[in-house]
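> return a 3D structure for these sequence lines:
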Amino acid sequence: MNTNSQKIRLGLFVIIGTLFFVLGIYLIGQKQNMFKKTFMISAEFQNVNGLQKGNNVRYSGINIGTVKAIEMLNDSIVKVEMNIEENIVKHIRKNAVATIGSDGLVGNMIINILPRDGIAGVIENGDMIKSFSKVEPDDLLSNLSVTIKNTEILTEDLLRITNSINNGKGSLATILNDTVMSSNLNQTIKNIKQVSENASNTLIELNGLVKSIKTDDASILGLLLNDTISGNKLKITLGNLESSSVKMENSVEKLNTIIENVNSSDGAFNYIIKDTSLVNSLKSTLRNVNEGSDKFNQNMEALKHNFLTRGYFRKLEKEERKAKDN
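Next comes the predicted model:
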(Lines give C-alpha, C1' and ligand atoms only; values in the text may rest on other atoms or scores of the structure.)
Protein backbone atom coordinates (compact mmCIF):
# COMPACT_ATOMS: atom_id res chain seq x y z
CA MET A 1 0.00 0.00 0.00
CA ASN A 2 2.74 2.38 0.94
CA THR A 3 4.55 1.58 -2.22
CA ASN A 4 1.48 1.96 -4.45
CA SER A 5 0.44 5.30 -2.82
CA GLN A 6 3.93 6.65 -3.29
CA LYS A 7 3.87 5.62 -6.92
CA ILE A 8 0.48 7.29 -7.38
CA ARG A 9 1.68 10.51 -5.73
CA LEU A 10 4.83 10.47 -7.83
CA GLY A 11 2.77 9.94 -11.00
CA LEU A 12 0.42 12.80 -10.08
CA PHE A 13 3.38 15.05 -9.32
CA VAL A 14 4.98 14.26 -12.69
CA ILE A 15 1.70 14.79 -14.54
CA ILE A 16 0.97 18.10 -12.79
CA GLY A 17 4.58 19.27 -13.29
CA THR A 18 4.38 18.37 -16.96
CA LEU A 19 1.11 20.27 -17.32
CA PHE A 20 2.61 23.33 -15.65
CA PHE A 21 5.68 23.08 -17.86
CA VAL A 22 3.59 22.83 -21.02
CA LEU A 23 1.36 25.71 -19.86
CA GLY A 24 4.41 27.88 -19.11
CA ILE A 25 5.94 27.09 -22.50
CA TYR A 26 2.62 27.97 -24.15
CA LEU A 27 2.23 31.24 -22.30
CA ILE A 28 5.80 32.29 -23.00
CA GLY A 29 5.47 31.30 -26.65
CA GLN A 30 2.14 33.08 -26.88
CA LYS A 31 3.73 36.24 -25.56
CA GLN A 32 6.68 35.96 -27.94
CA ASN A 33 4.42 35.06 -30.87
CA MET A 34 6.14 31.69 -31.23
CA PHE A 35 2.95 29.93 -32.32
CA LYS A 36 1.73 32.56 -34.79
CA LYS A 37 2.82 33.63 -38.25
CA THR A 38 4.74 36.88 -37.89
CA PHE A 39 5.84 39.72 -40.10
CA MET A 40 9.05 41.70 -39.54
CA ILE A 41 9.27 45.51 -39.80
CA SER A 42 11.76 47.99 -38.35
CA ALA A 43 12.19 51.61 -37.31
CA GLU A 44 15.11 53.83 -36.33
CA PHE A 45 15.20 56.00 -33.19
CA GLN A 46 17.66 58.41 -31.65
CA ASN A 47 16.82 57.19 -28.13
CA VAL A 48 14.94 54.00 -27.16
CA ASN A 49 14.36 55.20 -23.55
CA GLY A 50 14.97 51.80 -21.92
CA LEU A 51 13.12 49.70 -24.48
CA GLN A 52 14.10 46.02 -24.26
CA LYS A 53 13.85 42.93 -26.42
CA GLY A 54 10.48 41.23 -25.97
CA ASN A 55 8.52 44.41 -25.11
CA ASN A 56 5.11 44.78 -26.68
CA VAL A 57 4.28 46.53 -29.94
CA ARG A 58 0.86 48.19 -30.20
CA TYR A 59 -1.14 49.51 -33.12
CA SER A 60 -3.91 51.94 -32.20
CA GLY A 61 -3.76 50.59 -28.61
CA ILE A 62 -3.90 46.87 -29.58
CA ASN A 63 -1.02 44.47 -28.95
CA ILE A 64 0.09 43.24 -32.38
CA GLY A 65 3.63 41.98 -31.76
CA THR A 66 6.88 42.18 -29.83
CA VAL A 67 10.33 43.74 -30.14
CA LYS A 68 12.59 41.21 -31.89
CA ALA A 69 15.97 42.95 -31.72
CA ILE A 70 17.60 46.27 -30.82
CA GLU A 71 20.76 47.22 -32.74
CA MET A 72 22.99 50.27 -32.29
CA LEU A 73 23.88 51.51 -35.80
CA ASN A 74 25.99 54.51 -34.71
CA ASP A 75 26.25 57.05 -31.90
CA SER A 76 22.90 58.65 -32.74
CA ILE A 77 20.73 55.95 -34.43
CA VAL A 78 19.26 52.80 -32.87
CA LYS A 79 17.49 50.28 -35.10
CA VAL A 80 14.54 48.36 -33.60
CA GLU A 81 13.16 45.26 -35.33
CA MET A 82 9.59 44.16 -34.56
CA ASN A 83 7.65 40.91 -35.09
CA ILE A 84 4.09 41.77 -36.15
CA GLU A 85 1.17 39.36 -36.42
CA GLU A 86 0.55 38.58 -40.06
CA ASN A 87 -3.21 39.10 -39.86
CA ILE A 88 -2.68 42.70 -38.68
CA VAL A 89 -0.29 43.68 -41.49
CA LYS A 90 -3.11 44.47 -43.93
CA HIS A 91 -4.20 47.34 -41.65
CA ILE A 92 -0.78 49.03 -41.40
CA ARG A 93 0.18 51.50 -44.14
CA LYS A 94 3.65 52.55 -45.25
CA ASN A 95 3.10 56.08 -43.88
CA ALA A 96 2.52 54.84 -40.29
CA VAL A 97 4.73 56.33 -37.55
CA ALA A 98 6.38 54.46 -34.64
CA THR A 99 6.86 56.08 -31.23
CA ILE A 100 8.24 54.80 -27.91
CA GLY A 101 6.06 55.19 -24.84
CA SER A 102 5.39 53.54 -21.49
CA ASP A 103 2.68 51.08 -20.50
CA GLY A 104 0.96 53.24 -17.90
CA LEU A 105 2.79 55.59 -15.51
CA VAL A 106 5.43 53.13 -14.26
CA GLY A 107 5.03 50.24 -16.75
CA ASN A 108 7.45 48.78 -19.27
CA MET A 109 8.42 50.69 -22.41
CA ILE A 110 6.43 49.78 -25.53
CA ILE A 111 6.34 50.77 -29.18
CA ASN A 112 3.17 52.44 -30.43
CA ILE A 113 2.50 52.41 -34.18
CA LEU A 114 0.17 55.25 -35.14
CA PRO A 115 -1.77 55.47 -38.43
CA ARG A 116 -1.62 58.68 -40.46
CA ASP A 117 -3.96 60.33 -42.95
CA GLY A 118 -3.28 60.04 -46.64
CA ILE A 119 -3.12 57.38 -49.30
CA ALA A 120 -0.31 54.83 -48.96
CA GLY A 121 0.23 51.16 -49.71
CA VAL A 122 0.25 48.31 -47.21
CA ILE A 123 3.63 47.60 -45.59
CA GLU A 124 5.64 44.62 -46.74
CA ASN A 125 7.96 42.24 -44.94
CA GLY A 126 11.22 44.01 -44.05
CA ASP A 127 9.89 47.57 -44.53
CA MET A 128 11.17 50.40 -42.36
CA ILE A 129 8.59 52.90 -41.12
CA LYS A 130 9.18 56.42 -39.93
CA SER A 131 9.72 57.16 -36.25
CA PHE A 132 8.94 60.04 -33.92
CA SER A 133 10.88 60.77 -30.75
CA LYS A 134 8.94 62.39 -27.94
CA VAL A 135 10.43 65.07 -25.74
CA GLU A 136 11.83 63.58 -22.56
CA PRO A 137 11.15 65.03 -19.08
CA ASP A 138 14.87 65.74 -18.63
CA ASP A 139 14.89 67.77 -21.84
CA LEU A 140 11.79 69.61 -20.69
CA LEU A 141 13.40 70.42 -17.35
CA SER A 142 16.63 71.64 -18.98
CA ASN A 143 14.70 73.80 -21.43
CA LEU A 144 12.52 75.09 -18.59
CA SER A 145 15.66 76.01 -16.63
CA VAL A 146 17.02 77.99 -19.59
CA THR A 147 13.64 79.67 -20.04
CA ILE A 148 13.56 80.68 -16.36
CA LYS A 149 17.04 82.19 -16.61
CA ASN A 150 16.09 84.13 -19.74
CA THR A 151 12.93 85.32 -17.98
CA GLU A 152 14.99 86.60 -15.06
CA ILE A 153 17.33 88.49 -17.40
CA LEU A 154 14.37 89.91 -19.30
CA THR A 155 12.69 90.99 -16.05
CA GLU A 156 15.84 92.78 -14.91
CA ASP A 157 16.13 94.60 -18.25
CA LEU A 158 12.46 95.61 -18.14
CA LEU A 159 12.88 96.86 -14.57
CA ARG A 160 15.92 98.90 -15.59
CA ILE A 161 14.04 100.40 -18.54
CA THR A 162 11.02 101.20 -16.34
CA ASN A 163 13.21 102.94 -13.78
CA SER A 164 14.89 104.99 -16.52
CA ILE A 165 11.51 106.05 -17.86
CA ASN A 166 10.26 106.98 -14.41
CA ASN A 167 13.42 109.05 -13.78
CA GLY A 168 13.00 110.92 -17.08
CA LYS A 169 16.04 109.43 -18.82
CA GLY A 170 16.07 108.79 -22.55
CA SER A 171 13.92 109.85 -25.51
CA LEU A 172 11.03 107.54 -24.61
CA ALA A 173 10.78 109.07 -21.13
CA THR A 174 10.80 112.55 -22.68
CA ILE A 175 7.99 111.58 -25.06
CA LEU A 176 5.90 110.02 -22.28
CA ASN A 177 6.40 112.87 -19.76
CA ASP A 178 6.35 115.87 -22.14
CA THR A 179 2.71 116.66 -22.95
CA VAL A 180 3.64 119.13 -25.71
CA MET A 181 5.76 116.57 -27.52
CA SER A 182 3.04 113.98 -27.04
CA SER A 183 0.45 116.25 -28.65
CA ASN A 184 2.87 117.01 -31.50
CA LEU A 185 3.42 113.30 -32.00
CA ASN A 186 -0.35 112.70 -32.10
CA GLN A 187 -0.73 115.48 -34.66
CA THR A 188 2.08 113.98 -36.74
CA ILE A 189 0.39 110.58 -36.69
CA LYS A 190 -2.88 112.22 -37.78
CA ASN A 191 -1.08 113.97 -40.64
CA ILE A 192 0.54 110.69 -41.71
CA LYS A 193 -2.87 109.02 -41.65
CA GLN A 194 -4.34 111.85 -43.75
CA VAL A 195 -1.50 111.61 -46.25
CA SER A 196 -2.02 107.84 -46.45
CA GLU A 197 -5.74 108.32 -47.11
CA ASN A 198 -5.01 110.93 -49.79
CA ALA A 199 -2.49 108.60 -51.40
CA SER A 200 -5.05 105.78 -51.39
CA ASN A 201 -7.66 108.04 -53.00
CA THR A 202 -5.13 109.17 -55.60
CA LEU A 203 -4.29 105.56 -56.42
CA ILE A 204 -7.99 104.74 -56.76
CA GLU A 205 -8.49 107.70 -59.14
CA LEU A 206 -5.39 106.70 -61.07
CA ASN A 207 -6.68 103.14 -61.43
CA GLY A 208 -10.00 104.50 -62.67
CA LEU A 209 -8.21 106.75 -65.16
CA VAL A 210 -6.13 103.86 -66.45
CA LYS A 211 -9.25 101.68 -66.81
CA SER A 212 -11.07 104.46 -68.66
CA ILE A 213 -8.10 104.93 -70.98
CA LYS A 214 -8.00 101.19 -71.70
CA THR A 215 -11.73 101.07 -72.50
CA ASP A 216 -12.18 104.53 -74.11
CA ASP A 217 -11.23 104.52 -77.79
CA ALA A 218 -12.60 108.03 -78.37
CA SER A 219 -9.68 109.80 -76.67
CA ILE A 220 -6.33 110.18 -78.38
CA LEU A 221 -4.44 108.40 -75.58
CA GLY A 222 -6.92 105.53 -75.50
CA LEU A 223 -6.75 105.25 -79.29
CA LEU A 224 -2.95 105.11 -79.17
CA LEU A 225 -2.99 102.49 -76.42
CA ASN A 226 -5.75 100.26 -77.81
CA ASP A 227 -5.49 100.69 -81.59
CA THR A 228 -2.59 98.63 -82.91
CA ILE A 229 -2.85 100.27 -86.36
CA SER A 230 -2.45 103.74 -84.87
CA GLY A 231 0.40 102.46 -82.76
CA ASN A 232 2.17 101.11 -85.85
CA LYS A 233 1.58 104.40 -87.67
CA LEU A 234 2.99 106.29 -84.69
CA LYS A 235 6.06 104.05 -84.72
CA ILE A 236 6.52 104.68 -88.48
CA THR A 237 6.10 108.45 -87.94
CA LEU A 238 8.67 108.44 -85.15
CA GLY A 239 11.02 106.47 -87.38
CA ASN A 240 10.56 109.01 -90.19
CA LEU A 241 11.18 111.87 -87.76
CA GLU A 242 14.34 110.19 -86.57
CA SER A 243 15.49 109.69 -90.19
CA SER A 244 14.69 113.34 -91.01
CA SER A 245 16.60 114.44 -87.95
CA VAL A 246 19.63 112.47 -89.09
CA LYS A 247 19.40 113.98 -92.59
CA MET A 248 19.07 117.51 -91.17
CA GLU A 249 22.07 116.90 -88.96
CA ASN A 250 24.07 115.76 -92.00
CA SER A 251 22.94 118.83 -93.98
CA VAL A 252 23.95 121.14 -91.14
CA GLU A 253 27.35 119.46 -90.96
CA LYS A 254 27.82 119.94 -94.73
CA LEU A 255 26.72 123.59 -94.46
CA ASN A 256 29.18 124.15 -91.63
CA THR A 257 31.89 122.56 -93.78
CA ILE A 258 31.03 124.90 -96.68
CA ILE A 259 31.08 127.92 -94.38
CA GLU A 260 34.42 126.85 -92.92
CA ASN A 261 35.79 126.40 -96.45
CA VAL A 262 34.50 129.82 -97.46
CA ASN A 263 36.03 131.42 -94.38
CA SER A 264 39.34 129.66 -94.80
CA SER A 265 39.70 129.83 -98.65
CA ASP A 266 40.84 132.63 -100.98
CA GLY A 267 38.09 132.21 -103.60
CA ALA A 268 35.96 134.84 -105.27
CA PHE A 269 33.05 134.44 -102.90
CA ASN A 270 35.26 134.94 -99.84
CA TYR A 271 36.89 137.88 -101.61
CA ILE A 272 33.51 139.47 -102.39
CA ILE A 273 32.31 139.04 -98.79
CA LYS A 274 35.47 140.35 -97.09
CA ASP A 275 36.59 143.12 -99.59
CA THR A 276 34.64 146.29 -98.62
CA SER A 277 36.00 148.30 -101.54
CA LEU A 278 34.63 145.79 -104.03
CA VAL A 279 31.27 145.95 -102.26
CA ASN A 280 31.23 149.73 -102.58
CA SER A 281 32.14 149.43 -106.25
CA LEU A 282 29.31 146.99 -106.82
CA LYS A 283 26.90 149.37 -105.08
CA SER A 284 28.07 152.27 -107.29
CA THR A 285 27.76 150.13 -110.41
CA LEU A 286 24.22 149.06 -109.49
CA ARG A 287 23.30 152.68 -108.82
CA ASN A 288 24.61 153.72 -112.27
CA VAL A 289 22.74 150.86 -113.91
CA ASN A 290 19.50 151.96 -112.22
CA GLU A 291 20.05 155.58 -113.32
CA GLY A 292 20.84 154.46 -116.87
CA SER A 293 17.72 152.32 -116.91
CA ASP A 294 15.59 155.30 -115.78
CA LYS A 295 17.10 157.55 -118.48
CA PHE A 296 16.51 154.82 -121.10
CA ASN A 297 12.86 154.62 -120.08
CA GLN A 298 12.56 158.38 -120.36
CA ASN A 299 14.09 158.33 -123.84
CA MET A 300 11.67 155.61 -124.92
CA GLU A 301 8.74 157.69 -123.68
CA ALA A 302 10.07 160.64 -125.66
CA LEU A 303 10.32 158.50 -128.79
CA LYS A 304 6.70 157.38 -128.35
CA HIS A 305 5.55 161.01 -128.46
CA ASN A 306 7.88 162.07 -131.31
CA PHE A 307 5.98 162.62 -134.58
CA LEU A 308 8.61 160.59 -136.48
CA THR A 309 8.34 157.40 -134.44
CA ARG A 310 4.87 157.84 -133.00
CA GLY A 311 3.21 155.83 -135.77
CA TYR A 312 5.49 152.87 -135.24
CA PHE A 313 4.66 152.60 -131.54
CA ARG A 314 0.93 152.91 -132.20
CA LYS A 315 1.18 150.07 -134.72
CA LEU A 316 2.87 147.91 -132.07
CA GLU A 317 0.11 148.66 -129.56
CA LYS A 318 -2.57 147.65 -132.06
CA GLU A 319 -0.86 144.35 -132.75
CA GLU A 320 -0.57 143.67 -129.01
CA ARG A 321 -4.31 144.35 -128.54
CA LYS A 322 -5.22 141.99 -131.39
CA ALA A 323 -3.05 139.30 -129.92
CA LYS A 324 -4.74 139.70 -126.53
CA ASP A 325 -8.22 139.58 -128.13
CA ASN A 326 -7.40 136.37 -129.99
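> pLDDT weak spots in the stretch 151-300 of the chain?
For the stretch 151-300 of the chain, the stretches with pLDDT under 70 are 168-179, 181-182, 213-231, 234, 261-275, 278-279.
> what about the helices in it?
Taking DSSP state H, counting those that start in this stretch to define them, one finds helices in the stretch 151-300 of the chain at 170-177, 179-215, 220-226, 228-264, 268-274, 276-305.
> doesn't residue 64 belong to a strand?
Yes. Looking at residue 64 with DSSP: H, G, I helix; E, B strand; the rest coil, it is inside a strand.
> how about it: what's its closest non-neighbour residue?
Closest residue to residue 64 apart from its sequence neighbours, by Cβ to Cβ, 6 or more residues apart in numbering: residue 88 at 4.4 Å. (C-beta placed from N, C-alpha, C; glycine too.)
> and the one you found, what does it touch?
The neighbourhood of residue 88, defined by Cβ atoms under 8 Å, 6 or more residues apart in numbering, consists of 39, 59, 62, 64-65.
> now swap in residue 73 and tell me
Residues 44, 79 are the ones in contact with residue 73 under the rule Cβ under 8 Å, 6+ apart.
> any idea how far residue 25 is from it?
Using Cβ to Cβ, to the nearest Å, we find residue 73 at a distance of 34 Å from residue 25.
> what do you get for residue 192?
Residue 192 is 86 Å from residue 25, where distance means Cβ to Cβ.
> same question, residue 240
Taking Cβ to Cβ as the measure, residue 240 and residue 25 are separated by 108 Å.
> what's the spacing between residue 121 and residue 89?
Residue 121 sits 12 Å away from residue 89, going by Cβ to Cβ.
> give me the more crowded residue out of those two.
Ranked by neighbour count (other Cβ atoms under 10 Å), residue 121 and residue 89 place residue 89 first, with 20 against 9.
> pretty sure the more buried one is in a helix, no?
Yes. With three-state DSSP as the criterion, residue 89 is assigned to a helix.
> skip the chain neighbours and tell me the closest residue to it.
Taking Cβ to Cβ, 6+ apart, and ignoring the residues beside it in sequence, residue 89 has residue 39 as its nearest neighbour in space, at 4.8 Å.
> mean confidence score for stretch 16-30?
Rounded to a whole number, the mean pLDDT of stretch 16-30 is 74.
> break this structure down into its domains, please.
Under automatic domain parsing, the residue ranges defining each domain of the chain are 1-31, 37-134, 140-167.
> quick revisit: out of the contacts of residue 88, which are buried?
Buried positions within the contacts of residue 88, assessed by neighbour count (16 or more other Cβ atoms under 10 Å), are 39, 59, 64-65.
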